[in-house]
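S.K.: heads up, no residue letters with this:
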């Protein structure tokens, strides 16, 4: 199974086909892991607007709980997607920002948005309710 590069020859035997499948699927599953869940893309989009304090992210993402936000930010930080910065001014202030690496997901988010718009239009044209 070749999804991305159609020039890769299909395996001649079962083992080669399985290896080709794993070669294609594993990186896709890694990518899905990074954006999986209800909140990671909204958090990423909020941080694309600039550095945010925890409370600012909470305000930008309706219905997220502080517990879930804290958990998601921690996981995103562990994956090198978000950086937590602590400033020791007169009052300790913590901000979150996207890492340089995490900006590479922007085209994926835009492609998902465009697909979602097209999908909704398709369903509307077919008279299906969302």
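M.R.: Perfect, thanks for sending it. No experiment lies behind these values; they were computed from the predicted model shown. Residues are numbered from 1 along each chain as shown.
S.K.: With adjacent residues omitted, what lies nearest to the most centrally placed residue in the chain?
M.R.: Residue closest to the average C-alpha location in the chain (CA atoms, centre = their mean): residue 35, at 2.7 Å. Distances taken as CB to CB, 6 or more residues apart in numbering place residue 41 nearest to residue 35, at 5.7 Å, with adjacent residues excluded. No exception for glycine: its C-beta is placed from N, CA and C like everyone else's.
S.K.: Pretty sure that neighbour sits against residue 109.
M.R.: Yes: contact between residue 41 and residue 109 holds when scored by CB atoms under 8 Å: they sit 6.2 Å apart.
S.K.: Which one of these two is surrounded by more residues?
M.R.: residue 41 (17 against 14; other CB atoms under 10 Å).
S.K.: Can you say which helix or strand has that one in it?
M.R.: Take DSSP states H and E as the rule and residue 41 turns out to sit in helix 40-48.
S.K.: I'm done for today, thanks for sticking with me.
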